[in-house]
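A.B. asks: pasted the sequence and its predicted model underneath.
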Amino acid sequence: MPALPAMREQQHGRIISIGSGASKRAAASVAYTTAKHGLVGFTKQLAQATGTDGITVNLLCPGWTNTSLLTLDDQTLAKAARDNAQRRVLEPEELAGMATLLASDDGAGITGQVISVDGGYRL
């Protein structure tokens, strides 16, 4: 059974998409930035469409994060660190608290939001 109809039937659901700093500003290639900006519109429109169904829809936007997508040579680390106010690369676990909140009943009043957990990426 597809997820959205099941969530509507239950009158409860949490949708969390993962964007990036490029979801909010020009930050990468045209294709990547366009795709990430598209997630903003998707999040807001789906939140509007499901607002009375007990479903929340949010977009979590990490900054530079220590994942397999980031090649961690010294030059890349230094560039990434310069891109945020905390001057460091985040660990994946640092996104968990916000994701957990958004997925929980405590996050029921948060929907249609683009939320950064990014160390102050490109302020």
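C.D. replies: Thanks, I have it.
A.B. asks: which SS class is Leu69?
C.D. replies: Three-state assignment for Leu69 (DSSP: H, G, I helix; E, B strand; the rest coil): coil.
A.B. asks: how many neighbours does it have?
C.D. replies: 8 (other C-beta atoms under 10 Å). The C-beta positions use only the backbone N, C-alpha and C, and glycine is treated the same way.
A.B. asks: look through this protein and tell me its longest helix.
C.D. replies: helix 30-50 (DSSP state H).
A.B. asks: which strands or helices does that one pack on?
C.D. replies: Secondary structure elements in contact with helix 30-50, counted by 3 or more C-beta pairs under 8 Å, 6 or more residues apart in numbering; DSSP states H and E, are helix 3-10, strand 13-18, strand 55-62.
A.B. asks: deepest-packed of those, please.
C.D. replies: Among those, strand 55-62 has the highest mean neighbour count (mean count of other C-beta atoms under 10 Å), at a mean of 24.
A.B. asks: what residues does that strand touch?
C.D. replies: 4, 7-8, 12-21, 23-24, 39-40, 43, 46-47, 50, 90, 95, 98-99, 102, 107-108, 110-118 (C-beta atoms under 8 Å, 6 or more residues apart in numbering).
A.B. asks: just checking, next helix/strand downstream of that strand?
C.D. replies: As assigned by DSSP states H and E, the chain's next helix or strand after strand 55-62 is helix 74-82.
A.B. asks: right, and His37 touches Ser20 too?
C.D. replies: No. The criterion here is C-beta atoms under 8 Å, and His37 misses it with Ser20 at 10.3 Å.
A.B. asks: neighbour-wise, which of those two wins?
C.D. replies: Ser20 (24 against 16).
A.B. asks: quick one: pLDDT of the nearest residue to the more buried one once chain neighbours are set aside?
C.D. replies: If the residues on either side of it in the chain are set aside, Ser20 comes closest to Lys36, at 5.3 Å by C-beta to C-beta, 6 or more residues apart in numbering. pLDDT for Lys36: 95.
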